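> can't give you the sequence, but here's the structure:
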């Protein structure tokens, strides 16, 4: 149990952790917040848009492929513009997370 408590203090995970002592739990921030949902949707648009767009272009379907690739690029632009790469407020921009 001490290793689990040390791990939880190190990464401060959100959510419900039953057997972890209360002093070792995260900082109380909700796991599912607006920034997370926006990042998730943008990431899905990036991955799915580029994959399906490239596949459509390879199969000769130019218009759907171009539209899907544009959706993927828009997802990437949103992620880069909002800076919603996984990092918390304590980590300065450009630094590696702990």
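Received, thanks. As the structure is a prediction and not an experimental result, all values here were calculated from the model.

> And the lowest mean pLDDT element among the helices and strands of this protein?
Lowest on mean pLDDT, DSSP states H and E among the helices and strands of the chain sits helix 2-11, with a mean of 74.

> Can you give me the buried ones in the helix or strand containing residue 36?
Secondary structure assignment for residue 36, by DSSP states H and E: helix 34-58. For helix 34-58, a neighbour-count test (16 or more other CB atoms under 10 Å) marks 39, 42, 43, 45, 46, 49, 50, 52, 53, 56 as buried. In short, each C-beta sits where N, CA and C put it, glycine included.

> Greatest separation within the residues you listed: which pair is it?
Pairwise distances across the buried residues of helix 34-58 peak at 25.4 Å for 39 and 56 (criterion: CB to CB).

> Okay, now the unreliable bits of the protein?
Counting by pLDDT under 70, the chain has low-confidence residues at 1, 8-9, 12-31, 84-98.

> Try it again at 50.
97-98 (pLDDT under 50).

> that older thread, just give me the closest of the buried residues of helix 34-58 to residue 69.
residue 53 (3.6 Å).
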